[in-house]
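> the following comprises the amino acid sequence and a computationally predicted model.
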Amino acid sequence: MADFVAAIDQGTTSTRCMLFDASGKEVGKHQLEHQQIMPQAGWVEHNPVEIWERTSAVVQTAINAKGIAASDLAALGITNQRETTVVWNRRTGRPYYNAIVWQDTRTDKTAAALERDGSGDLIRQLAGIPPATYFSAGKIQWILQNVPGARADAESGEALFGNTDTWLLWNLTGGHRGGVHITDVTNASRTMLMNLETLDWDDRLLALFDIPRSMLPEIRPSSDPNLYGQTLEAGPFDGAVPISGDLGDQHAAMVGQVCFAPGEAKNTYGTGNFLLLNTGTELVRSNNGLLSTVCYQFGSAPPVYALEGSIAVTGSAIQWLRDQLKIIGGAAESEALARSVPDSGGVYFVPAFSGLFAPYWRSDARGAIVGLSRFNTNAHIARATLEAICYQSRDVVEAMEKDSGVHLEVLKVDGGVTANALCMQIQADILGVEVSKPVVAETTALGAAYAAGLAVGFWRDPDELRQNWHEERRWRPQTTEADREQGYAQWKKAVARTLDWVDVS
C-alpha cells in the first residue's frame, strides 16, 4: 500500500517537491529557485523550460533522498503560481516566448482600454474579476500579437496555452508525445476567460481578446477521482503515479488550512499576499474591489467559491530591501533590524512596484516612501516595510467585511513571511484580530497533496483533514483602537500619494 502523497509547488521564485504522510506531516522536500527575467521596467518573465527542468530535479532529489519508489506514492498534486502565462507548440513542446509572470504590467494599456469601452463590466459579470494586467488573457493576447508565428499557429490549433500547472501536467504526462492539456477550475478562474457560473470558457470573453478556444486546456475539478493522467515510467518519478489534484497556489492554501466552511479565511504571505474568504457554494460578487473566484471543487460536488484580495508586493518588498537597497543581508535580518526601533518613526512605505492590486486596482500607482525626516534610519524603513505588508492586508479585510458582512475573529496565516514573528504581531495589532499560524506552514503544497489524496481515497473526507490541523502559535492585538485607527489613517494618506504616477491612458 502507498504510504505517501507527493505535491509539486511551482511558485513565483522557486519550485519544490514535498512528500506528506497520512497525518499531513512533511516527510521529504527539495526546492530550487529559478531566474527572474526583467527585460525592461514593468516586465517580469520566467523561462518555462528552466521551470520544467527545476521541477524534474526537485522531484528526483526529494524521492531519492527519502528512498522511495513511485509505487510508494498514492497520488500527485500540483499547485502553482497563478496567471503566469505559457504558450507553446503542441508538436515540438517549445515555448513561443518566456512565461509572462502575474506581476508583469506590459498589458496596462489593454486593461485600461477595456475599462474605457465598457467591457470591464462584462468581464466582472462573467469572470468575477476586473480587467487588469494581473490575469492571463491579456498576456496570451500580447504573445499572439507580438511573437512571429504565434497567431497563425493558434488559429491552426498548433499553439497551446496554460498557466504553469498546465505546462507541468503536459510535460509530466508525455509532452509532445501525448501529454494531457488540462487545468482545474481555480486556475481557469484566473484567466479572465472562464464563466464563473458555467465553469467553462466563455465565447464572449474569448472574442474580447481574440483568443482561439482551441488553445485552451480542458477544465476539470481541483480534486478528480477520474485522474488527469499518470506520470511517465521514464519521467522524473521513475514510474507511474496518479495525478489527481490541481489548484492555484492560493486555493491550495485554503485547502491546506482546511478553510472548508463559509466564513473561514486565510492569508498567505509570499511574494505577494493573498487573503481568501470561503463563501460556500454561493457566488458572492464584490462591490469593494475584491475578486470573486472559485475556491475549489472536489470531484462532482458543486464548486465552492471565495472572495479574494490579491496584493502584489509584500514578501518581495523584503527582497527589495535585500537586493536593491542592500540594507539587509537576508530576509531573516529584516526582523532584527525592525525590532531595533519601537515604531517606524512616521515613515510609511507603499510598495506599489507594479501598481496596486486589491482593493484599489490602480495600475497607474508606483511605490513611494513618505514621511521621511533626518531622524529616520534604515531600521525605520525596515519596520515600515513590515507595516506595509500588514496595512495592505487590512485594506483587503476592510473590503471583505463590507462585501460579505463577515467580521473576522481569527485570521489563519501561512507562507514564508510568517517566520517573522514581529510582522505577525504587527498584523494582529493593525487588524485588531488574533492571528493563528499552523504547525505545517507549507499549506500550499499540503493543500495540493490533500486534493490529490482525497481523489484516490488516501484521505476519506475533509473532516479527516481537519484532524490534521494544529496551531503552532497565536498573536493577539497589543495596541489600542485609537492608535490602530490613527496609523491606518496615515497609511491611507500614503497610498493616495502613489496614485496617478504612470500614464496608462
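Cool, the structure landed. It should be emphasised that the depicted structure is a prediction, and the values quoted were computed from it without experimental measurement. Numbers count the residues shown, from 1 in each chain.
> burial measure for P303, as a count.
Neighbours of P303 under the rule other CB atoms under 10 Å: 19. All C-beta atoms are positioned from the backbone trio N, CA, C, and that covers glycine.
> got the contact list for it?
185, 199, 281, 294-297 (CB atoms under 8 Å, 6 or more residues apart in numbering).
> repeat for S436
Neighbour list for S436: 410-413, 471, 473-474 [criterion: CB under 8 Å, 6+ apart].
> which SS class is it?
What DSSP: H, G, I helix; E, B strand; the rest coil gives for S436 is strand.
> show me the beta-bridge partners of it.
K412, R474 (DSSP bridges).
> S310 pairs with what?
Bridge pairing for S310 (DSSP bridges) gives the partners F274.
> kindly tell me how buried it is, as a neighbour count.
Neighbourhood size, S310 [other CB under 10 Å]: 25.
> pretty sure it sits against L291.
Yes. Using CB atoms under 8 Å, S310 is in contact with L291, at 6.4 Å.
> touching both of those two, which residues are there?
When contacts are counted by CB under 8 Å, 6+ apart, S310 and L291 have A358 as shared neighbours.
> just give the nearest non-adjacent residue to D210, would you?
With sequence-adjacent residues excluded and distances taken as CB to CB, 6 or more residues apart in numbering, D210 is closest to Q141, at 6.6 Å.
> give me phi/psi at the one you found?
When read as degrees, to the nearest 10, the backbone of Q141 gives phi -60, psi -40.
> that one: what's it in contact with?
Contacts of Q141 by CB under 8 Å, 6+ apart are 107, 110, 209-211.
> coming back round to it: what subset of the contacts of S436 is buried?
411-413 (16 or more other CB atoms under 10 Å).
> and which of the contacts of P303 is nearest T271?
Distance to T271 across the contacts of P303 (CB to CB) is lowest for C295, with 20.8 Å.
> backbone dihedrals for that closest one, both of them.
According to degrees, to the nearest 10, C295 has phi -80, psi -50.
> contacts only, for it.
C295 neighbours (CB under 8 Å, 6+ apart): 186, 251, 254, 259, 276, 278-279, 303-306.
> again, only using 7 Å
By CB atoms under 7 Å, 6 or more residues apart in numbering, the residues touching C295 are 251, 254, 276, 278, 304-306.
> quick one: which of those has the most company?
Counting neighbours by other CB under 10 Å, H251 leads the contacts of C295 with 33 neighbours.
> now it: which helix or strand?
Per DSSP states H and E: H251 is located in helix 249-256.
> beyond that helix, next helix or strand please.
strand 265-269.
> and the contacts of that following strand?
Against strand 265-269 from outside (CB under 7 Å, 6+ apart): 250, 253-254, 257, 259, 273-277, 314-315, 389, 393, 408, 411-418, 444.
> quick check, nearest of the contacts of S436 to A57?
Using CB to CB, those come closest to A57 at V413, 29.9 Å.
> that closest one touches V435, doesn't it?
Yes. In this structure V413 lies within contact range of V435 using CB atoms under 7 Å: 5.6 Å.
> joint contacts of these two?
With CB under 7 Å, 6+ apart, V413 and V435 have common neighbours M424.
> out of the contacts of Q141, which sit inside helices?
Using DSSP state H, the members of those that fall within helices are 110, 209.
> who wins on neighbours among the contacts of Q141?
Of the contacts of Q141, with other CB under 10 Å as the count, T107 tops at 24 neighbours.
> where does pLDDT dip in this protein?
Counting by pLDDT under 70, the chain has low-confidence residues at 1, 505.
> angle of the helix or strand where C17 lies against helix 249-256?
Element membership of C17 [criterion: DSSP H and E] is strand 14-20. Strand 14-20 runs at 20 degrees relative to helix 249-256, counting by axes from the mean of the first three to the mean of the last three CA atoms, to 10 degrees.
> residues making contact with strand 14-20?
Residues outside strand 14-20 that contact it (CB under 7 Å, 6+ apart) are 4-9, 26-34, 51, 54-55, 58-59, 62, 66, 442, 445-446, 449.
> in its sheet, what does that strand sit against?
Per DSSP bridges, strand 14-20 is paired in its sheet with strand 4-10 (antiparallel), strand 26-33 (antiparallel).
> of the contacts of strand 14-20, just the buried ones, ChimeraX syntax please.
Entered in ChimeraX, the line below selects the buried ones among the contacts of strand 14-20, by 16+ other CB under 10 Å:
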select :4,5,6,7,8,9,26,28,29,30,31,32,34,51,54,55,58,59,62,66,442,445,446,449
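> got a list of what N468 touches?
N468 sits next to 23-24 when contact means CB under 7 Å, 6+ apart.
> mind running it again at 10 Å?
Taking CB atoms under 10 Å, 6 or more residues apart in numbering as the criterion, N468 is in contact with 20-25, 256, 258, 438-440, 446, 450, 459.
> go on, V255?
77, 79, 186, 222-223, 245, 247, 266, 295-296, 298, 304, 443-444, 446-451, 454, 462, 465.
> can you flag the buried ones in the residues you listed?
Judged by 16+ other CB under 10 Å, buried ones among the contacts of V255: 77, 79, 186, 222-223, 245, 247, 266, 295-296, 298, 304, 443-444, 446-451, 454, 465.
> narrow these to those in strands?
Residues of these located in strands (DSSP state E): 77, 79, 245, 247, 266, 295-296, 304.
> re the thing from before, can you lay out the contacts of Q141 as TSV showing distance to D72?
Below are these laid out as TSV (distance: CB to CB, whole Å):
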residue	distance to D72
T107	44
T110	47
F209	44
D210	47
I211	41
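> dump stretch 279-290 to CSV, keeping only the CA atoms.
Taking Å, rounded to 0.1, in the frame of the first residue of the first chain, the C-alpha atoms of stretch 279-290 are listed here in CSV:
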residue,chain,number,x,y,z
THR,A,279,-18.3,32.0,0.7
GLY,A,280,-19.6,28.4,0.3
THR,A,281,-21.5,27.4,-2.9
GLU,A,282,-22.8,31.0,-3.1
LEU,A,283,-21.0,33.1,-5.7
VAL,A,284,-20.6,36.5,-3.9
ARG,A,285,-19.9,39.4,-6.2
SER,A,286,-17.7,42.2,-4.8
ASN,A,287,-18.6,45.8,-4.8
ASN,A,288,-15.4,46.8,-3.0
GLY,A,289,-12.5,45.8,-5.2
LEU,A,290,-12.2,42.2,-4.4
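> which parts of that stretch count as buried, going by neighbours?
Judged by neighbour count (16+ other CB under 10 Å), stretch 279-290 contains these buried residues: 279, 283-284, 286, 288-290.
> likewise for stretch 103-111?
Neighbour counts over stretch 103-111 (16+ other CB under 10 Å) mark 103-108, 110-111 as buried.
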